[in-house]
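S.K.: Using only what follows, build the 3D model:
(chains A, B, C and D)
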Amino acid sequence: MANTDYTADEMMTIAAARMLRDEQVCFVGIGLPSAAANLARLTHAPNIVLIYESGTIGTRPDILPLSIGDGILADSADTVVSVPEMFRYWLQGGRIDVGFLGAAQVDKYGNINTTVIGDYRKPKVRLPGAGGAPEIATSARDILIIIRQTPRAFVERVDFITSVGLLDATTDRRALGIQGNGPAAIVTDLGILKPDPKTRELTLASIHPGITFAQVRDSTGWPLKAIEGLPTTEPPRPDELAALRDLNSRSKRADEKAVT
Amino acid sequence: MANTDYTADEMMTIAAARMLRDEQVCFVGIGLPSAAANLARLTHAPNIVLIYESGTIGTRPDILPLSIGDGILADSADTVVSVPEMFRYWLQGGRIDVGFLGAAQVDKYGNINTTVIGDYRKPKVRLPGAGGAPEIATSARDILIIIRQTPRAFVERVDFITSVGLLDATTDRRALGIQGNGPAAIVTDLGILKPDPKTRELTLASIHPGITFAQVRDSTGWPLKAIEGLPTTEPPRPDELAALRDLNSRSKRADEKAVT
Amino acid sequence: MAELLTLREAVGKLIRDGDTVAMEGFTHLIPSAAGHEVARQRKTDLTLIRMTPDLIYDQLIGMGCARKLIFSWGGNPGVGSLHRLRDAIENGWPRPLEIEEHSHAGMANAYTAGASNLPFAVLRGYRGTDLPNYYPTIKFIDCPFTGEKLAAVPAIRPDVAVIHAQKADRRGNVLMWGIVGVQKEAVLAARRSIVTVEEIVDRLDAPPNAVILPGWVVSAVCEVPRGAHPSYAHGYYARDNSFYRAWDAISRTREGFLDWMNRHVMETRDFAEFQRSALG
Amino acid sequence: MAELLTLREAVGKLIRDGDTVAMEGFTHLIPSAAGHEVARQRKTDLTLIRMTPDLIYDQLIGMGCARKLIFSWGGNPGVGSLHRLRDAIENGWPRPLEIEEHSHAGMANAYTAGASNLPFAVLRGYRGTDLPNYYPTIKFIDCPFTGEKLAAVPAIRPDVAVIHAQKADRRGNVLMWGIVGVQKEAVLAARRSIVTVEEIVDRLDAPPNAVILPGWVVSAVCEVPRGAHPSYAHGYYARDNSFYRAWDAISRTREGFLDWMNRHVMETRDFAEFQRSALG
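M.R.: Below you'll find the predicted structure:
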């Protein structure tokens, strides 16, 4: 049944791209989110509006940027604004439908850690830190997270809340005055997790072809549940795969050519 | 002695222009302040930086604008910024040496009224209101005011403080957290008034040629004092007069030509 | 996503009686044609917001469209008074006009807060002036770090913002240049927006970092050539200073004003016809 | 009024030991040459402020120039960790590094407050995150009108801001375009400033509403071609992604790092010589 002529990363990127709709305004993190968002733009969502925190609005790069502020993002944008304007008028302004984030660590309630593993004052591993994520996570209407699923990355409770997800079983985002809804889905290389409407706990909502539930459970740092009648993710369609591979190979060629 | 081949308004504008120094950064009101500031630029202060609240920075109009946002101000500027940026980064930012204002009414302590004559809720005369003046009056390092001197305009106490001068005999600007020094001089068609260093009361510091102290006193709504050994303002020099008249006639011609 | 509409359609659809409406444009790019259309459609009970009411609001106030005005400088620039504004404030004609007065800095910051989805703005302003004595919308707060006292004003969040710009493309992306005032902030602070433009073009050909409003933050774009007259549009036409002076006489009496408005605005179909009627 | 100086002169004159220094440039226009010169002149005890420390601060931290870092995202973009930054935080090498951490939104607003001469900035931020538990510089205040709780951060007011831009004219007016980050705010928030540029020209030929810093708000302008490398200058050269990747290996060990810095930075005279030495 499953076309296995694709990688787990390809499945992940394509599954994430599918969650975006045409004409949505999407605030895009660099790396996996950027790949998925641009794939959406090049397939089913040609009028999606992509925004990068470097200030580029309505950008249409024909290759994937390596950094959040590559020249191609400015060249292909409808407009470029300053970073303060981006965070004040556009993100905080409430104009973002989907905030699309990566993460180093995510917990059962979709809280994100990109700051430290271990104690903040005496970290085992020092990670890059917050960047734009804390305010993307609260100001965008909905949040999508894309991340490879491992027990180290999927933990019961993050060591440090860099960016809020759904907090915990008892604290409501609204009670803290947070405007956005928080994580709508976590797309991984194994499946798609969504918060349970009652408990807010991330629950497996779709499993990628060829993956077993045991595999997903073993890659998760809390006792993962799945929804009733767990569906299998539609495998990558040929047009999706072709578009993604074109994008990746164009990006790779451009990167090699640019070497000075 | 006095060359009388000039008008009182010419003396006023030239006396005001002389108070500006080269390379100062001057936030300019429209009308008389704009005329004086541009005259300074065209005579002894070629590198004065003129800023208008419409967002034009480093403007060098060859004719006088009729409005605060004429096209010539943008065309001849080093840069044009938005109005919020102008008030936030440039005026409030503390970058202005001299705020140059007009007024409808000014009182003994240099407080300015451009809001109402009479009671605010039941005004005898409704004036245009605050505009940029309240924050120019507090954020610029020093304030110059240019205004024709009449008993109606020079009052013991303004009906409404639109923009603070030196408040009164007892209240200190610094105590209110105001950063700028306030009025350094009021230039009129009769003379130049400056605050007494002790009492803060506006005091005649220079009298224009051909004007008597009695005239100035009768044009003032409080018992005006003069400084010891009151000097006479140097009459307009031929180069000053020529530059001012050139500027005025160029402006008049441009205005007539622009009639549609 | 911006719809390309006629101005009549846009005003009919997007501005409702009782709305709070901000028509901005700082001397430059004043949306005069849109102001006329609001009068023509006899919108009422509007709360009008604008830093400089100018002729555009003098007309709407004189026609009785407004119940309240929020502003910071209400004169005829370089000429004198706005007679209809004064008549409304001083004599309640044609109806009482509630006013809320600010400084330019206060309003510019309030628009910025609105565009930023903040409930208030902080500024070094209003200290020592009489305005805070009359308006509870001007408060003073303490800096949580230094204890300094600073002014605070509530954000401006209009129902509708109306601006004029030089160009839009067919996706409704708007480009303006020159003196750009608070127009971007006004549109971003508002729930809905109407942008009239000099022309709709295939490509904006905007320089880097130009002042652009993407079509997806604008409700309607309407092509209205010379739609800012007697204000101006940089690169298209100059300010009509003589009209500003003429307005002083037109607006001085109630009868003269009504006669002129009826003849040239209320009884014309659109701004093109107005111009033929009033300007020859 | 800006002086046209060599970079060596500018750094020597304007940056003092113990200063708080903000070197900004968001991916684009990073003032790398100026960073080298600070290391070359062995400035010490600096408090370094920068949203994204990037290679420029990895180098200064590894050379022991910094006692404190204020930042919001500290990685090698698209590559991985900043090894010198991590070594300083995790192991205190070559000296302990105090850190103060924010979000991008927090820092961008703090720069804006600095440029605006306000003591603090208000934002919808940090809610529900752990950062406020560690830093008293993140507080929550109540809106005086609505009672809503909002975050507040103190303004950034550096002693010196250092940026790179595309062009300046001989009066020191600076023009930049493309991704302009927080550079304008950084310069306006600082007491002193150094701007390195790709070229000094007779006329800027700037488009309308371009991002310009007038010469009178800049302390020194220095012509340093390719001065942003391995970052880029839009219109001049592209980002050197391969150098960012190479940095991972260069900086991984203390010895490798010191060797590279000594050879290519400390023992070269200026950025032109550095480039010949390090990049061939």
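S.K.: Every contact and neighbour count from this point should use C-alpha atoms.
M.R.: Will do.
S.K.: which parts of stretch A:124-138 are buried?
M.R.: A:126-138 (16 or more other CA atoms under 10 Å in any protein chain shown).
S.K.: So which of these are in helices?
M.R.: Members of those lying in helices (criterion: DSSP state H): A:133-138.
S.K.: Turn the residues you listed into TSV, including distance to residue B:7 and pLDDT.
M.R.: Putting those into TSV (distance: CA to CA, whole Å; pLDDT from 0 to 100) gives the following:
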residue	distance to residue B:7	pLDDT
A:133	65	97
A:134	65	98
A:135	62	97
A:136	63	98
A:137	67	98
A:138	65	97
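S.K.: Residue 180 - nearest residue in space that isn't next to it in sequence?
M.R.: You didn't pick a chain, so chain A it is. residue A:141 (4.4 Å; CA to CA, 6 or more residues apart in numbering or on different chains).
S.K.: think we crossed wires, I meant chain C
M.R.: Closest residue in space to residue C:180, ignoring its immediate chain neighbours: residue B:82 at 5.5 Å, by CA to CA, 6+ apart.
S.K.: just checking, residue C:141 touches residue C:152?
M.R.: Yes. Residue C:141 is in contact with residue C:152 according to CA atoms under 8 Å; the separation is 6.7 Å.
S.K.: Tell me which of those two has more neighbours.
M.R.: The neighbour comparison of residue C:141 against residue C:152 (other CA atoms under 10 Å in any protein chain shown) goes to residue C:152, with 25 against 16.
S.K.: Can you list the strands that the strand or helix carrying that one pairs with?
M.R.: Following DSSP states H and E, one finds residue C:152 within strand C:149-154. Strand pairing for strand C:149-154, using DSSP bridges, gives strand C:120-123 (antiparallel), strand C:139-142 (antiparallel).
S.K.: and those strands, which is most packed in?
M.R.: Highest mean neighbour count among the strands paired with strand C:149-154 (mean count of other CA atoms under 10 Å in any protein chain shown): strand C:120-123, with a mean of 24.
S.K.: mind listing what's buried in stretch C:28-41?
M.R.: Using 16+ other CA under 10 Å as the test for burial, stretch C:28-41 gives C:28-40.
S.K.: One more: stretch A:189-205?
M.R.: Neighbour-count burial for stretch A:189-205 flags A:189-196, A:200-205 (criterion: 16+ other CA under 10 Å).
S.K.: likewise stretch A:10-17?
M.R.: Going by neighbour count (16+ other CA under 10 Å), the buried part of stretch A:10-17 is A:10-17.
S.K.: What's the nearest residue in the stretch 151-280 of chain C when you look at chain B?
M.R.: Closest contact between the stretch 151-280 of chain C and chain B, by CA to the nearest CA, is at residue C:181 (4.7 Å).
S.K.: so what's that residue up against?
M.R.: Contacts for residue C:181 were tallied using CA atoms under 8 Å, 6 or more residues apart in numbering or on different chains; they are B:54-55, B:82-84, C:24-26, C:28.
S.K.: Point out where the chain drops to low pLDDT.
M.R.: Reading this off chain A. Low-confidence segments of chain A, defined by pLDDT under 70, span residues A:1-4, A:258-260.
S.K.: wrong one, chain C
M.R.: Chain C contains no residues with pLDDT under 70.
S.K.: re earlier: now the contacts of residue C:181 in CSV, with secondary structure?
M.R.: What follows is those, written out as CSV (DSSP: H, G, I helix; E, B strand; the rest coil):
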residue, secondary structure
B:54, coil
B:55, coil
B:82, coil
B:83, helix
B:84, helix
C:24, coil
C:25, coil
C:26, coil
C:28, strand
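S.K.: what is in contact with residue C:141 and residue C:152 at once?
M.R.: Common contact partners of residue C:141 and residue C:152 (CA under 8 Å, 6+ apart): residue D:144.
S.K.: Name the residues that touch the biggest helix by length in chain A?
M.R.: Assignment by DSSP H gives helix A:238-257 as the longest helix of chain A. Residues from elsewhere that reach helix A:238-257, judged by CA under 8 Å, 6+ apart: A:6, A:10, A:14, A:39, A:42-43, A:62-65, D:241.
S.K.: just stretch A:150-158 next, same as before
M.R.: By CA under 8 Å, 6+ apart, the residues outside stretch A:150-158 that reach it are A:104-108, A:111-113, A:218-222.
S.K.: now that stretch, how far from the chain's geometric center?
M.R.: On the basis of CA atoms, centre = their mean, to the nearest Å, stretch A:150-158 sits 16 Å off its chain's mean C-alpha point.
S.K.: residues near residue C:153, how many?
M.R.: Neighbour tally, residue C:153, other CA under 10 Å: 25.
S.K.: actually residue A:104, sorry about that
M.R.: Using other CA under 10 Å, residue A:104 has 18 other residues around it.
S.K.: Can you give me the neighbour number for the residue nearest to it when sequence neighbours are not counted?
M.R.: Sequence neighbours aside, residue A:114 is the residue nearest to residue A:104 in space, at 5.3 Å (criterion: CA to CA, 6+ apart). Applying other CA under 10 Å, we find 24 residues neighbouring residue A:114.
S.K.: roughly how far apart are residue A:114 and residue A:51?
M.R.: 21 Å (CA to CA, to the nearest Å).
S.K.: and what of residue C:142?
M.R.: Taking CA to CA, one finds residue C:142 at 35 Å from residue A:51.
S.K.: Quick check, residue C:54 in contact with residue C:78.
M.R.: No. Counting by CA under 8 Å, residue C:54 sits too far from residue C:78 to count as a contact (11.1 Å).
S.K.: Dump stretch C:76-91 to PDB, keeping only the CA atoms.
M.R.: Once non-C-alpha atoms are left out, stretch C:76-91 reads as follows in PDB (Å, rounded to 0.1, in the frame of the first residue of the first chain):
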ATOM      1  CA  ASN C  76      -7.100  75.500   7.600                       C
ATOM      2  CA  PRO C  77      -3.300  75.200   7.100                       C
ATOM      3  CA  GLY C  78      -1.700  78.500   6.200                       C
ATOM      4  CA  VAL C  79      -5.100  80.100   5.900                       C
ATOM      5  CA  GLY C  80      -6.900  80.300   9.200                       C
ATOM      6  CA  SER C  81      -9.900  78.700  10.900                       C
ATOM      7  CA  LEU C  82     -12.100  75.800   9.900                       C
ATOM      8  CA  HIS C  83     -15.400  77.700  10.100                       C
ATOM      9  CA  ARG C  84     -17.700  74.600  10.100                       C
ATOM     10  CA  LEU C  85     -15.600  73.000  12.800                       C
ATOM     11  CA  ARG C  86     -15.700  76.100  14.900                       C
ATOM     12  CA  ASP C  87     -19.400  76.600  14.300                       C
ATOM     13  CA  ALA C  88     -20.100  73.100  15.500                       C
ATOM     14  CA  ILE C  89     -17.900  73.500  18.600                       C
ATOM     15  CA  GLU C  90     -19.000  77.000  19.500                       C
ATOM     16  CA  ASN C  91     -22.700  76.900  18.500                       C
END
